[in-house]
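Undergrad: Make a model of this:
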Amino acid sequence: MEIKADKGEVAAMSSEQTDLLQVVIGGREVLIRSSEIREVVRPLPLTRVPMGPDHILGLANIHGQIVSVIDVVKVSSLSAISSDGSSSKARFLVLRHPVMHVAVWVDEVKRLRKVETRLLKPTKSSSDTVHDIDIDGSRFALLDTGKLFH
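TA: Predicted coordinates for the structure are as follows:
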């Protein structure tokens, strides 16, 4: 038996999807490509960096590795609506990088989403670390963590 599909159905079946982790940073819904994240860990004690830049929250020992934990709001165009740094839902997202050991502080990890890759095209300057995207009628900030290292 031969099954035929129209062009729209074929396009929908063959559309490429990207896994995104939906998190909350500063009260805003943010999406991060899961391929940019090495692991998610519960917050650990931070050692402050004397006279360090204000975007570095401190250093954490994660599995014997010293990791700089940064505040994304202070190094990107992402604006904070509110922040509750003491929440039990807070996590560190340890990022993938071949040389640097960096984690970002998030207020909450919500869920993993599959999103059509075509929806992830930036609407702002490609040099920005954050741009807004619309998914299923909701607006999210998409964070490009690779640009945090530049």
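
Undergrad: mind listing the helices for the protein?
TA: In order along the chain, the chain carries the following helices (DSSP state H): 7-14, 72-75.

Undergrad: Least reliable of the ones you listed by average pLDDT, please.
TA: Ranked on mean pLDDT, the bottom entry among those is helix 7-14, at a mean of 49.

Undergrad: Contacts only, for the residue most central in space within the chain.
TA: Nearest to the mean C-alpha position of the chain, counting by C-alpha atoms, centre = their mean, stands Ile32 at 2.9 Å. The contact partners of Ile32, taken as C-beta atoms under 8 Å, 6 or more residues apart in numbering, are Leu20, Leu21, Val23, Leu93, Leu142, Leu143, Thr145. Every residue, glycine included, has its C-beta placed from N, CA and C.

Undergrad: So, low pLDDT: which residues of this protein?
TA: Residues of the chain meeting the criterion pLDDT under 70: 1-14, 82-86, 122-127, 150.

Undergrad: Now do the strands in it.
TA: Ranges of strands in the chain, per DSSP state E, are 17-25, 28-33, 37-41, 56-62, 65-70, 91-95, 102-106, 108-116, 130-135, 138-143.

Undergrad: Ok, which of those strands comes nearest Pro50?
TA: For those, distance to Pro50 was read as C-beta to C-beta. The smallest value, 10.7 Å, belongs to strand 56-62.

Undergrad: How about the contacts made by the residue nearest to Thr145 when sequence neighbours are not counted?
TA: Setting aside the residues directly before and after it, Thr145 is nearest to Glu36 in space (C-beta to C-beta, 6 or more residues apart in numbering), at 4.5 Å. Applying C-beta under 8 Å, 6+ apart to Glu36 gives the contacts Leu95, Arg96, Asp144, Thr145, Gly146.

Undergrad: please redo it, this time with the cut-off set to 7 Å
TA: Contacts were defined as C-beta atoms under 7 Å, 6 or more residues apart in numbering; by that measure Glu36 touches Leu95, Arg96, Thr145, Gly146.
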